[in-house]
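[1] Output the structure for:
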Amino acid sequence: FFSWFVRLRLKMQTARRDYASIPMGDSVPESRKSNVGPICAVLVGMAVGIGMLLTVGTGAAPTQLQVANARATSVAARPQYMAATTTGRAAASATRYSTAPSQGHAAGDAFTGPSSFYEGPTTAPATNTPWAAATAFLAGCAISAFGLVAQRKLQKTGSWTPGPHATEQSDFAMCAIAAHQNVDKAPDVLSRDKEDSTSMRRQFEELCRKMQGEICAAVEECDGEGKFREDAWIREDGGGGISRVMSGGKVWEKAGVNLSVVYGTMPQEALAAATARGAEYTKDLKPGDRVPFFACGLSCVMHPRNPHCPTMHFNYRYFETDGGAWWFGGGTDITPAYLDEEDMKHFHGTYKAACDKHDPEFYAKYKKWADEYFVIQHRKETRGLGGIFFDDLNDRDPETIIKFSEECLKSVVPAYIPIINKNKEKEFSQKEKEWQLMRRGRYVEFNLVYDRGTIFGLKTGGRIESILMSLPETARWEYDHHPEPGSPEAKIMECFQNSREWV
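    Next up, the predicted model:
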């Protein structure tokens, strides 16, 4: 019973209402927290203890006369059974070890067949001892206590089983942001009206909107035919976004550049999962307090048609809590299907130059971080050939860091577009196209399983079309595929499995 009710409890927890429906700043209503499993465990435990106490404590032992009559009936029936047995004494001997009839039958009850050969003692031990009753009652109390412990563990980890539990996703699921509303045209400012025009929140949104326009214009010019479709939305309590997506272009099969401004609240555990300094940021909060936050970011993924043109991704973001914690994050990385070392030197060289303008240690540090972050762990290979990646950056003045983020965003076009212009007219075979689609499959695996941005968006009730914009329109999975030794596919696989320095 307990196991069944716990499974029911977990199912109800999984199917719980969409957290996006909770108004900003509100905590999760206690009425929404189901405790069916642990409560039933307590009730079942109490019922077991009390029931066993009453049953065992009041049960009467069979009398000497009842036992003697039962044995007499058993012995009387024995010759009749042996006469009907074709195997004679051997079969009869085998049946001597069968179990005794249930105690408590009245004299004269008929017992036939092997189960009636009871030759046990003529007396039965009494079972209504105080120790038996006490043991039964304590067993029920133990089950009740286990139910209470399970209830507390469910509330903390989402599981009643012992051991470590992955709580990051459940923490993100408890982040609350308001539902979005589509609009024909985005407002001039997506952040709340009360925000100071000189605040970092406003500055970062302005930067993202400016770079979204510049990057989309450069991509349209390079493609020659494709145009970005723009969708805008707002949220009731402030924030919103602008998605620009190109489909069916001449050069790019799919490309998207998304701007998002989000206000919401999250549990302290979610903040700890989002940044390495989570404990520092929540030290002044009371247990159970939710953390109001602001997030603004510009993200992009571009999937070209030609297998010799690499996929490119970037994301730059600013995060701030109402308690005063803030940090920047971001990065740009490249994912080719075929290796062109000159292209990789150009891409990495462009970002090294951008990093060196702000800190000579940035490129080596953030290149290593990208190599470690963009790993498809279950494949033991990287998604692509890296770039730069940083997070939780707040070790210097925010005005200095936003300039570094701007430098990285301005480096997107000079780092990537020349590579596309060089390769977009190259001929390719069906085999090369299939290999590109297989690498896109790896891209999908990373994004849906490991990517922080995708997971955060899905778990906080974000706009689904914008979140999954990063996925390609077509991908491919082949069973147990291995590139031929010495082939171009094998050459780049070596790079995916062993990171290299390009500059």
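
[2] Which residue comes closest to residue 413 once chain neighbours are left out?
    residue 218 (4.6 Å; Cβ to Cβ, 6 or more residues apart in numbering). In this view, the C-beta of every residue, glycine as well, is placed from N, C-alpha and C.

[3] buried set for the helix or strand containing that neighbour?
    Using DSSP states H and E, residue 218 maps to helix 200-223. Residues of helix 200-223 classed as buried under the neighbour-count rule (16 or more other Cβ atoms under 10 Å) are 200-205, 207-209, 211-212, 215-216, 219-220, 222-223.

[4] now do stretch 293-311
    Within stretch 293-311, the residues scored as buried using 16+ other Cβ under 10 Å are 293-311.

[5] again with stretch 455-475
    455-463, 466-467, 469-472, 475.

[6] Then stretch 418-431?
    Applying 16+ other Cβ under 10 Å to stretch 418-431 flags 419, 420, 423, 424, 428 as buried.

[7] For it, measure first residue to last.
    Criterion Cα to Cα, to the nearest Å; first-to-last residue distance in stretch 418-431 is 25 Å.

[8] hmm, back to that, now the buried residues of stretch 418-431 in JSON lines, with distance to residue 190 and secondary structure?
    Converted to JSON lines, the buried residues of stretch 418-431 look like this (distance: Cβ to Cβ, whole Å; DSSP: H, G, I helix; E, B strand; the rest coil):
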{"residue": "419", "distance to residue 190": "32", "secondary structure": "helix"}
{"residue": "420", "distance to residue 190": "30", "secondary structure": "helix"}
{"residue": "423", "distance to residue 190": "36", "secondary structure": "helix"}
{"residue": "424", "distance to residue 190": "34", "secondary structure": "coil"}
{"residue": "428", "distance to residue 190": "41", "secondary structure": "coil"}
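
[9] ok, how many other residues are close to the closest residue to residue 438 other than its chain neighbours?
    Take residue 438 and drop its neighbours on the chain: the residue closest to it by Cβ to Cβ, 6+ apart is residue 476, 5.0 Å away. Other residues near residue 476 come to 14 when the count uses other Cβ atoms under 10 Å.

[10] now swap in residue 253 and tell me
    Number of residues near residue 253 (other Cβ under 10 Å) recorded here: 19.

[11] quick one: low-confidence parts of this structure?
    Filtered on pLDDT under 70, the chain yields the residue ranges 1-42, 44-49, 51-130, 132, 147, 150-179, 270, 272-283, 460.

[12] Just to check, residue 436 is in contact with residue 337?
    Yes - the criterion here is Cβ atoms under 8 Å, and residue 436 meets it with residue 337 at 4.2 Å.

[13] For residue 195, which residues are in contact?
    By Cβ atoms under 8 Å, 6 or more residues apart in numbering, the contact list for residue 195 reads 189, 201, 202.

[14] Check residue 354 too.
    407, 408, 410, 411.

[15] hmm, which two among these are most spread apart?
    Greatest spatial distance in these: 408 and 410, 7.4 Å, computed using Cβ to Cβ.

[16] higher neighbour count, those two?
    residue 408 (25 against 16).

[17] All set now, cheers.
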